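Asks: what shape does this take:
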Amino acid sequence: MLRLQRGIYRLVHFPPGEHEELVAAWLWSDQAGVISHQTALALHGLSDALPAHLHLTLPAVWRRRRFRVPEGVVLHHADVEPAERAWFGAVPITNPRRTLIDCAHEGLSPELLRHATLQAIRRGLVGREDIAEVERELAPFGGLGA
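Replies: Predicted structure coming up:
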């Protein structure tokens with residue numbers, strides 16, 4: 001067995017699974033976390049930019065907990081409703097609408113956010129009416145049409 005991180009192991013004689021780091025982070029969170037923000041943006045195919053860190057949203061009540069965060073993981077705290085979740089293989093991720101809103105609130109660069117939002121609209125992943133919060137965040141930078 002190979003130790004991936006505290007309490008999480010995989011069998012050595014089997015090749016690593018695709019996106020093993022996502023599964024390890026989700027298991028580390030006791031399956032309470034949701035892959036989110038820039039990581040979810042990339043997994044939905046809405047950004048060509050690969051995030052330097054894995055973004056994981058934990059329930060808001062976990063904010064008070066003290067624990068060692070795995071290297072390369074950025075934590076966010078918020079309650080993600082079941083309707084705001086999607087699945088990427090074996091792990092939950094925020095759906096495209098929630099992902100865009102989270103990225104807007106976290107201050108993702110306007111160019112990346114605009115591109116991702118327009119891509120999501122073109123692909124039918126969100127409707128214009130679903131992303132009013134994103135449009136408000138982009139308004140000072142020319143909105144979606146810039």
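
Asks: for stretch 48-56, how far is the first residue from the last?
Replies: Length of stretch 48-56, first residue to last, C-alpha to C-alpha, to the nearest Å: 19 Å.

Asks: give me the contact list for it.
Replies: 21-22, 25-26, 29, 33-42, 72-76, 112 (C-beta atoms under 8 Å, 6 or more residues apart in numbering). Every residue, glycine included, has its C-beta placed from N, CA and C.

Asks: which ones among those are found in helices?
Replies: Glu21, Leu22, Ala25, Trp26, His37, Gln38, Thr39, Ala40, Leu41, Ala42, Leu112 (DSSP state H).

Asks: any idea which of these is least confident?
Replies: Within the ones in helices among the contacts of stretch 48-56, the minimum per-residue pLDDT falls on Glu21 (86).

Asks: tell me how many other residues surround it.
Replies: 17 (other C-beta atoms under 10 Å).

Asks: next: the one 3 residues further on.
Replies: By the other C-beta under 10 Å criterion, the neighbourhood of Ala24 contains 20 residues.
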